[in-house]
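K.L.:
Kindly generate the corresponding structure for this input.
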Amino acid sequence: MDNNSDVMATAELLNNKLAVWDIEEQKKIFDEKFFGKYIEEEKISYLQLSLEEGMILLERGHIKVLDKKKPMTVKTFYSLCSTLDPEFSQKYTVYRDLRNRGFIVKSGFKFGTHFRVYNRGVNPYKGGSKELKEHTKYNVHAVPENYAHSYQEWSRYVRLSQNIRAKALLAVVDEEADVTYYVITRIRP
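P.N.:
Take a look at the predicted model:
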């Protein structure tokens, strides 16, 4: 981290996620930056960050990551994330690219993909009726350039995306860590 004055929160590593326990720190990360999601388990509540969210916040100097109460460096945390998730390298490359472009990026796990992406500047947690809420603009799946897939897999992915009115994007990460996005659509003749 370059500057400790930019540190907004301390996150603790819990298996393959991060937890921010302090309520004021949670608000800074969630309300100001739209990172994480609130988890309530029995009498415990915390802000949960994905590995990708934690990595970008650590790289930017916005959080400290603790593993067994010891701070982790960017390099050590990246290495650990790559061990915990074999797809981490391409997922993080795409996540960082989308966040650097100003998009709000959330987990796409429920929709069979890596990420749900919202337009720049929107609040994905806007209250009110379903009609007033912001909708996912893209479902993004990150793959390396030599990735092999089945047509059934992509057909399912595109249908799930269309069901929530989102465009299905394939984000291909090449060996130079450049990302190329492809829109995948279903055409009915």
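K.L.:
Just the CA atoms of stretch 152-168, as CSV, please.
P.N.:
Provided in CSV are the C-alpha atoms of stretch 152-168 (Å, rounded to 0.1, in the frame of the first residue of the first chain):
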residue,chain,number,x,y,z
GLN,A,152,-24.9,-26.2,-24.3
GLU,A,153,-22.9,-24.3,-21.7
TRP,A,154,-23.1,-21.1,-23.7
SER,A,155,-26.7,-21.6,-24.6
ARG,A,156,-27.6,-21.9,-20.9
TYR,A,157,-25.5,-18.8,-20.1
VAL,A,158,-27.2,-16.7,-22.8
ARG,A,159,-30.7,-17.8,-21.8
LEU,A,160,-30.1,-17.0,-18.2
SER,A,161,-28.8,-13.5,-19.2
GLN,A,162,-31.7,-12.8,-21.4
ASN,A,163,-34.1,-13.8,-18.7
ILE,A,164,-32.9,-10.9,-16.6
ARG,A,165,-32.6,-8.6,-19.6
ALA,A,166,-28.8,-8.5,-19.5
LYS,A,167,-26.4,-8.9,-22.4
ALA,A,168,-24.2,-12.0,-22.2
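K.L.:
residues of that stretch that come out buried?
P.N.:
Of all the residues in stretch 152-168, those buried under the rule 16 or more other Cβ atoms under 10 Å are Y157, V158, L160, S161, A166, K167, A168. (Each C-beta comes from the backbone N, C-alpha and C, glycine too.)
K.L.:
quick check, distance from it to the centre of its chain.
P.N.:
Its chain's average C-alpha position is 19 Å from that of stretch 152-168, according to Cα atoms, centre = their mean, to the nearest Å.
K.L.:
Please work out the average pLDDT along it.
P.N.:
Per-residue pLDDT over stretch 152-168 has a mean of 84.
K.L.:
And stretch 11-30, by the same measure?
P.N.:
For stretch 11-30, mean pLDDT rounds to 92.
K.L.:
First residue to last residue on that stretch, what's the distance there?
P.N.:
This stretch, stretch 11-30, spans 13 Å end to end (Cα to Cα, to the nearest Å).
K.L.:
Quick check: buried residues in that stretch?
P.N.:
For stretch 11-30, the neighbour count (16+ other Cβ under 10 Å) marks A11, E12, L13, K17, L18, A19, V20, E25, Q26, K28, I29, F30 as buried.
K.L.:
quick one: which of those residues sit in strands?
P.N.:
A11, E12, L13, K17, L18, A19, V20 (DSSP state E).
K.L.:
now, the most widely separated pair of those?
P.N.:
Between any two of these, the greatest separation by Cβ to Cβ is 11.5 Å, found for L13 and V20.
K.L.:
State the distance from the residue nearest the centre of the chain to T136.
P.N.:
Central residue of the chain (Cα atoms, centre = their mean): K106, 4.6 Å from the mean position. K106 sits 8 Å away from T136, taking Cβ to Cβ, to the nearest Å as the criterion.
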